[in-house]
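Student: Kindly generate the corresponding structure for this input.
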Amino acid sequence: MIGYHLTSLWHLPRIEASGGLKPGESNIGCPREMADSIPSQGMRIGEHVGPDVVWLFDTPEPTLKVDGAMLRPVAGARYDKRLVRITVEVPDAQWWPEWSRAHGIDRPWYKLMARGGRPQEWYVVARRIPVAEFVNVEVRHAPDAPWQAVGLSVPR
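Tutor: As a prediction, the model looks like this:
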């Protein structure tokens, strides 16, 4: 599968230094700070409830609802994850809607997550994605600016 990972200019040198994309939160569980805002009786609450994953989109220009809130920096954050697009080719990407249900995501939390975009476009890989699986890396300096290809100094 060809997939697209969005990240920030702040993260790009760290990705380059580490030699790839590291798995992170899969969002199977509702974060504690949000649990009071949705019906959470019996809901799995906390971070890293499910396996860690690398998030991908199946389209180079994913649908971001609520003004891209899921990737936009929160107050005080130092990064905007709409400014770097890494294209990868991976054999083991799994469609997040199906994968999340198989890993026990609660329906109210799934619905809240879906408000940030189109889950139909979301995929996950439950492992590190090395630079050898990168196809392209592009940057832009504003969310509405054109993409520009850049090279990485990591051997492929």
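Student: give me every residue that touches the residue nearest the centre of the chain.
Tutor: Closest to where the C-alpha atoms of the chain average out (C-alpha atoms, centre = their mean) is Trp55, at 3.6 Å. In this structure, Trp55 makes contact with 5, 24, 96, 122-124, judged by C-beta atoms under 8 Å, 6 or more residues apart in numbering. C-beta coordinates here come from the backbone N, C-alpha and C atoms, glycine included.
Student: Could you list the low-pLDDT ranges of the protein?
Tutor: Regions of the chain meeting the criterion pLDDT under 70 cover residues 30-46, 48, 65-78, 153-156.
Student: Show me where it has its strands.
Tutor: In the chain, the segments counted as strands under DSSP state E are 2-7, 20-21, 54-57, 84-89, 94-95, 122-125, 129-130, 134-139, 148-150.
Student: Next, the buried residues of stretch 96-116.
Tutor: 96-97, 99-100, 103, 105-106, 109-110, 113, 116 (16 or more other C-beta atoms under 10 Å).
Student: what's across from the residue nearest to the centre of the chain in the sheet?
Tutor: According to DSSP bridges, Val124 are recorded as the beta-bridge partners of Trp55.
Student: from now on call the first residue 10
Tutor: OK, 10 is where the count begins now, so the last one is Trp64.
Student: and it, how far is that from Glu56?
Tutor: Look at Trp64 and Glu56: by C-beta to C-beta, to the nearest Å, they are 15 Å apart.
Student: Same question for Ile37.
Tutor: Applying C-beta to C-beta to Ile37 and Glu56 gives a distance of 10 Å.
Student: need the helices for this structure, in chain order.
Tutor: Taking DSSP state H as the criterion, the chain contains helices spanning 21-27, 105-111, 116-123.
Student: Of those, give the one that comes closest to Gln157.
Tutor: helix 21-27 (12.7 Å; C-beta to C-beta).
Student: give me every residue that touches Gln103.
Tutor: Going by C-beta under 8 Å, 6+ apart, the list of residues near Gln103 reads 132-135.
Student: what bridges to it?
Tutor: Taking DSSP bridges, one obtains Val133 as the residues bridged to Gln103.
Student: before we move on, what about Val148?
Tutor: Assessed by DSSP bridges, Val148 has beta-bridge partners Val93, Gln157.
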